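A.B. asks: Okay, predicted coordinates and the sequence, questions at the end:
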Amino acid sequence: MAVNLAVALAEAGQRVGLLDGDIHGPNVPLMLGLKDEQPFAFGEQIFPPSAYGLKVMSMACWFLPKRRSSGAGRCCTRPSANCCGM
């Protein structure tokens, strides 16, 4: 939902940035097609990658640079799903 809202605001002409702080399964870069993009630093500034008119920073850029898989986070959510009968 956050990605859709951010893209809609950017398309409406607003300046938008999106911060994905989820450390268990940061998937915003995947949704925006930025899975291989990294922020870069110039001097004391950090420049995040951008897509669809919005700038994106994600925990994936810092902690999971090359370890993405389609099953990320399933090991953590599976036991709770079994307890709830899902």
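C.D. replies: Thanks, I have the structure now. Residues are numbered from 1 along each chain as shown.
A.B. asks: nearest residue to residue 11 other than its sequence neighbours?
C.D. replies: Excluding the flanking residues, the one nearest residue 11 by C-beta to C-beta, 6 or more residues apart in numbering is residue 53, at 6.5 Å. In short, each C-beta sits where N, CA and C put it, glycine included.
A.B. asks: Burial check on residue 56, number of neighbours?
C.D. replies: A count of neighbours around residue 56, defined by other C-beta atoms under 10 Å, yields 25.
A.B. asks: who's in contact with the most centrally placed residue in the chain?
C.D. replies: With distances taken as C-alpha atoms, centre = their mean, residue 28 lies nearest the centre of the chain, 2.6 Å away. Going by C-beta atoms under 8 Å, 6 or more residues apart in numbering, residue 28 touches 2, 3, 18, 20, 56, 58, 60.
A.B. asks: Please, which helix or strand holds the nearest residue to the first one once chain neighbours are set aside?
C.D. replies: The reference is to residue 2. Using C-beta to C-beta, 6+ apart and skipping the chain neighbours, the partner closest in space to residue 2 is residue 18 (6.5 Å). Taking DSSP states H and E as the definition, residue 18 sits inside strand 16-20.
A.B. asks: Can I get the helix or strand that that strand is followed by in CSV? Just the C-alpha atoms.
C.D. replies: For strand 16-20, the succeeding helix or strand toward the C-terminus, using DSSP H and E, is helix 28-31. Presented in CSV, the C-alpha positions along helix 28-31 are these (Å, rounded to 0.1, in the frame of the first residue of the first chain):
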residue,chain,number,x,y,z
VAL,A,28,10.1,-2.4,-1.5
PRO,A,29,13.1,-2.5,-3.8
LEU,A,30,11.7,-5.7,-5.4
MET,A,31,8.3,-4.0,-6.0
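A.B. asks: pLDDT on helix 28-31, on average?
C.D. replies: What helix 28-31 shows for mean pLDDT is 88.
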